[in-house]
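K.L.:
dropping a prediction and its sequence here:
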Amino acid sequence: MSAPRLLGKKLALTTILTAAAALFVASLALIVFQFLSMRGVLADDLRVQAQIVGNNSSAALLFNDVKAGEETLAGLAVSPSVDSASIFDARGVLLAHYQRGTGAQPAAPDGALLDAGYRYGPDVVEVVHVVRVNQQRVGVVLIRATLEQLFARLLTYAGLTLAVALASLALAYALVSSMRRAVRRAEEHLHHLAHVDSVTALPNRHEYNERLPFALERADRAEGEVGLLLLDLDNFKVVNDTLGHDSGDHLLKLVAARLVHTLRENDIICRIGGDEFVIIVEPRETAAGEPDEVDEVARKILAALAAPFQVEGHQLHMSASIGVAVYPRDALDARTLMRSADTAMYHAKAKGKNGFQAFQPAMEQRAQKRLKLEANLRRALDLGELELHYQPQIDVRSGRVVGVEALTRWHCRELGHVSPAEFIPVAEETGIIVALGGWVLRTACRQAAAWRDQGLLDTLVHVAVNLSARQTRDGALMDEIRAILDETALPASLLELEITEGVLMENVNANLDLLHGLQAAGIHLSIDDFGTGYSSMAYLKRFPIDQLKIDRSFVHDVPGDGEAIATAIIAMAHSLQLSVVAEGVETLAQLDFLRQAGCDIMQGYYFARPMPAAQLTALLREKRSSWGERA
Ligand SMILES: Nc1nc2c(ncn2[C@@H]2O[C@@H]3COP(=O)(O)O[C@H]4[C@@H](O)[C@H](n5cnc6c(=O)[nH]c(N)nc65)O[C@@H]4COP(=O)(O)O[C@H]3[C@H]2O)c(=O)[nH]1
């Protein structure tokens, strides 16, 4: 039995014992009081009877009439408590006597009794009455009553009192016990709510916070280790957003059940929030050469999650990213251990998800670097450190510039030149992208409007701007774009928005609404990095898009391994009446292959690198139609 329960039981017992003692003392006082009052009533009654006998026996005393005296006393036979009664004359000589049953004849009352008029013995009451005629004492009546009957009644009374006391004690005990049970149930329920996750029935973050230090203490005593695995489901948000929260919860339950089924009983599995789980593993000692047990657990989990989940009629493929940190190797306390696992998890995500990463100290340095980058990025806009460069897109058939892609450049005072591939993801995670994306849109539209005003857009049909995932989720995006187009007076048809295939597929339904809204506004839509986001023809048909951009990685591999994919993408795009842009074209061989495969537009270092607006303005002024040659 647990210590608080034992204490609770002891407390209840003490309460009951105290109540019993109080009841006992109260009952005893009641009984004594009852005894005294009953004895008082009896004495009063005897006094009245003695007076009556005295009044009736004055003649007998005056005439020494024994018979008359005895007749008077005989009347007392009706009083069951009267044991004996006697009449003495003035000299103290017995005149008449009445005795119930057998008993010794009493002596004449002594002076003390005569003075007091009554006397209590252990089991008798004696009452005397002095008989006077004309103020002369002619005799004394002595009545003696036994207390036996009073005791018998007192016994019944005490029995009743005891029975009532015991019954109330039993009732009190039953009440206290049922109250204790109710309180215990309430406590257990509260404990359950506070420590157990209501969706998966796994221990929650609170419980995790309590259990991890214990595991670390055990490891200290046994000079062992504790592995902490931080697991984050990949793209769980997509399930929540597309199938609804009930399906999301259902999936979490299934994931939890699979974890429980896969792991050992003494591994502690907790859900610490959203789609995050932690597993505390206390590994056995592994011999040299044996695989690390904690890493093995991570592999087992990934394998277990690989099979699809059936959620309300849908077959869902889930994966997870796991960060692993080991105490005391990677951290010396619970908080740092969690931070290390988190850093490792972040790296697992960055490495393409569906994998695990064990913590390495270098990761911490990278995390510090990232923090520095974030702090600088927050100031970049205000300090005017950002600039847009523009990279031309060339129509393969006409050799003219038909578009430019706006790409952000950041020259940080502290960190020097930082690549957008590095800072855009940070801007995404921190939300800075909302302000940054707005600035890019406004600057690109302003520049395009300026080129238009200068008559430089005769061949240029679009200025392309990248939209990040966070921006697509921003409900205010449509209004912001409209406001920017109004402000810069740029026709919507000159603006092209590029959304990566991965972002588009993250939340198909919400993005469909957004794309329809953008299309209705007359904005050109292009899918960036196509071929990497697993979208199917069925999805593509549903999206109101104008153009696909073949991902750089495939272009890099043509001629060669990328040929089949590039050809397939071009064929598929054309069958859907979409134009195709190949990005990252660096060589003549790539250009030739893509031209022959039917690619419409190309972009890459072969033609021109991204350049500042002024430089592109000069190039546009030349109105060159020979972009097909090198820039
Ligand atoms: N190796 C090679 N690379 C070429 C060639 N031609 C162009 N590139 C580079 O390829 C990237 C094309 O942009 P992206 O796919 O949209 O990929 C972009 C885009 O996803 C993101 N990004 C850049 N600017 C912005 C922005 O303003 N907003 C958002 N949301 N993302 C941006 O950062 C990514 C990287 O941008 P950059 O470093 O400017 O890199 C650019 C560009 O400089 C080539 O022939 N060879």
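P.N.:
That came through, no problem. Note that the structure is a prediction, hence the values are computed from the model and not measured. Numbering: from 1, shown residues only.
K.L.:
what's the burial count for residue 268?
P.N.:
Other residues lying near residue 268 total 21 when counted by other CB atoms under 10 Å. Glycine gets a C-beta too; all of them are placed from N, C-alpha and C.
K.L.:
for it, which non-adjacent residue is closest in space?
P.N.:
residue 280 (4.1 Å; CB to CB, 6 or more residues apart in numbering).
K.L.:
do you know how far residue 87 is from the ligand?
P.N.:
129 Å (CB to the nearest ligand atom, to the nearest Å).
K.L.:
residue 277 now?
P.N.:
31 Å.
K.L.:
repeat that for residue 217.
P.N.:
From residue 217 to the ligand the distance is 47 Å (CB to the nearest ligand atom).
K.L.:
check which helix or strand covers residue 387.
P.N.:
strand 386-395 (DSSP states H and E).
K.L.:
let me see the mean pLDDT of that strand.
P.N.:
Taken as a whole, strand 386-395 has a mean pLDDT of 96.
K.L.:
that strand pairs with which strands?
P.N.:
strand 401-412 (antiparallel), strand 601-603 (antiparallel), strand 611-612 (antiparallel) (DSSP bridges).
K.L.:
other residues contacting it?
P.N.:
380, 400-411, 436, 439-440, 443-444, 447, 462-464, 581, 600-603, 607-613, 616, 619, 627-628, 631 (CB atoms under 8 Å, 6 or more residues apart in numbering).
K.L.:
of those, which ones also sit close to the ligand?
P.N.:
Restricting the contacts of strand 386-395 to those touching the ligand (CB under 6 Å from any ligand atom) yields 407-408, 440, 603, 610.
K.L.:
identify the farthest-apart pair in these.
P.N.:
440 and 603 (17.7 Å; CB to CB).
K.L.:
who has more neighbours out of the two?
P.N.:
For the pair residue 440 and residue 603, the greater number of neighbours falls to residue 603 (24 against 21), based on other CB under 10 Å.
K.L.:
okay, the more buried one: pLDDT?
P.N.:
97.
K.L.:
show me the beta-bridge partners of it.
P.N.:
Beta-bridge partners of residue 603, as defined by DSSP bridges: residue 583.
K.L.:
leaving out chain neighbours, which residue sits closest to residue 448?
P.N.:
Nearest to residue 448 is residue 463, by CB to CB, 6+ apart, at 4.0 Å.
K.L.:
ok, now which ones touch that neighbour?
P.N.:
Residue 463 touches 390, 403-404, 406, 444-445, 447-448, 494-496, counting by CB under 8 Å, 6+ apart.
K.L.:
where in this structure is pLDDT low?
P.N.:
Low-confidence segments of the chain, defined by pLDDT under 70, span residues 1-8, 286-291, 533-536, 623-631.
K.L.:
up against the ligand, what does it have?
P.N.:
Counting by CB under 6 Å from any ligand atom, the chain sits next to the ligand at 391, 407-408, 419-421, 424, 437, 440, 466, 468, 528-529, 552, 583-586, 603-605, 610.
K.L.:
so how do I select the buried members of those residues in PyMOL?
P.N.:
Applied in PyMOL, the following selects the buried portion of the residues of the chain next to the ligand according to 16 or more other CB atoms under 10 Å:
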select buried, resi 391+407+408+420+424+437+440+466+468+528+529+552+583+584+585+603+604+610
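K.L.:
returning to that earlier point: hey, which of the strands paired with strand 386-395 is tucked in deepest?
P.N.:
strand 601-603 (a mean of 24; mean count of other CB atoms under 10 Å).
K.L.:
who's in contact with it?
P.N.:
So strand 601-603 is contacted by 391-396, 402-403, 405, 547, 579-585, 591, 594 (CB under 8 Å, 6+ apart).
K.L.:
now do the residue nearest to residue 410 when sequence neighbours are not counted against residue 412, distance only.
P.N.:
Nearest residue to residue 410, sequence neighbours excluded (CB to CB, 6+ apart): residue 418, at 4.9 Å. Relative to residue 412, residue 418 is positioned 6 Å away (CB to CB, to the nearest Å).
K.L.:
hmm, the residue nearest to residue 410 is touching residue 373, no?
P.N.:
Yes: when contacts are counted by CB atoms under 8 Å, residue 418 is listed as touching residue 373 (6.8 Å).
K.L.:
specify the local secondary structure of residue 490.
P.N.:
Here residue 490 takes the coil state, with states given by DSSP: H, G, I helix; E, B strand; the rest coil.
K.L.:
quick thing: my sequence starts at 59, can you match it?
P.N.:
Sure, I'll start counting at 59 from here, so that last one is residue 548.
K.L.:
report all helices and strands that the longest helix seen in the chain contacts.
P.N.:
Ranked by residue count and defined by DSSP state H, the top helix of the chain is helix 61-114. Judged by 3 or more CB pairs under 8 Å, 6 or more residues apart in numbering; DSSP states H and E, helix 61-114 is in contact with helix 124-132, strand 140-147, strand 176-178, strand 182-191, strand 194-204, helix 206-253.
K.L.:
just to be sure, residue 583 is in a helix?
P.N.:
No: counting by three-state DSSP, residue 583 is not part of a helix but strand.
K.L.:
how many neighbouring residues does the nearest residue to residue 267 once chain neighbours are set aside have?
P.N.:
For residue 267, ignoring the flanking residues on the chain, the nearest one in space by CB to CB, 6+ apart is residue 392 at 7.7 Å. Neighbourhood size, residue 392 [other CB under 10 Å]: 19.
K.L.:
just want the phi and psi numbers for residue 392.
P.N.:
phi -60, psi -40 (degrees, to the nearest 10).
K.L.:
that one and residue 269 touch, don't they?
P.N.:
No: when contacts are counted by CB under 8 Å, residue 392 is not listed as touching residue 269 (9.8 Å).
K.L.:
show me where the stretch 409-558 of the chain has its strands.
P.N.:
Taking DSSP state E, counting those that start in this stretch, the strands of the stretch 409-558 of the chain run over residues 413-416, 444-453, 459-470, 474-476, 520-525, 553-558.
K.L.:
of all those, which one is nearest residue 200?
P.N.:
Here strand 413-416 is closest among the strands of the stretch 409-558 of the chain (CB to CB), at 109.3 Å.
K.L.:
which non-adjacent residue is nearest residue 561?
P.N.:
Residue 561's closest residue in space is residue 527 (CB to CB, 6+ apart), at 4.3 Å.
K.L.:
gap between the one you found and residue 586?
P.N.:
From residue 527 to residue 586 the distance is 12 Å (CB to CB).
K.L.:
touching both of these two, which residues are there?
P.N.:
Joint contacts of residue 527 and residue 586 (CB under 8 Å, 6+ apart) are residue 558.
K.L.:
which other residues reach the helix or strand residue 296 falls within?
P.N.:
Here residue 296, judged by DSSP H and E, is contained in helix 294-301. With CB under 8 Å, 6+ apart as the contact definition, helix 294-301 has outside contacts at 305-306, 309, 332-333, 369-370, 372, 374, 376, 563-568.
K.L.:
ok, now with 10 Å
P.N.:
For helix 294-301, contacts defined as CB atoms under 10 Å, 6 or more residues apart in numbering pick out 291, 293, 303-310, 313, 332-334, 367, 369-372, 374, 376, 378, 531, 563-569.
K.L.:
tell me which residues of that helix are tucked away?
P.N.:
294, 297-299, 301.
K.L.:
what about the helices in the stretch 309-458 of the chain?
P.N.:
Using DSSP state H, counting those that start in this stretch, the helices of the stretch 309-458 of the chain run over 351-364, 392-408, 419-441.
K.L.:
what's the most buried one of those helices?
P.N.:
When the helices of the stretch 309-458 of the chain are compared using mean count of other CB under 10 Å, helix 392-408 is most buried, at a mean of 20.
K.L.:
check the offset of it from the chain's centre.
P.N.:
22 Å (CA atoms, centre = their mean, to the nearest Å).
K.L.:
now do that helix and helix 351-364, the angle between them.
P.N.:
Taking axes from the mean of the first three to the mean of the last three CA atoms, to 10 degrees, one finds helix 392-408 and helix 351-364 inclined to each other by 50 degrees.
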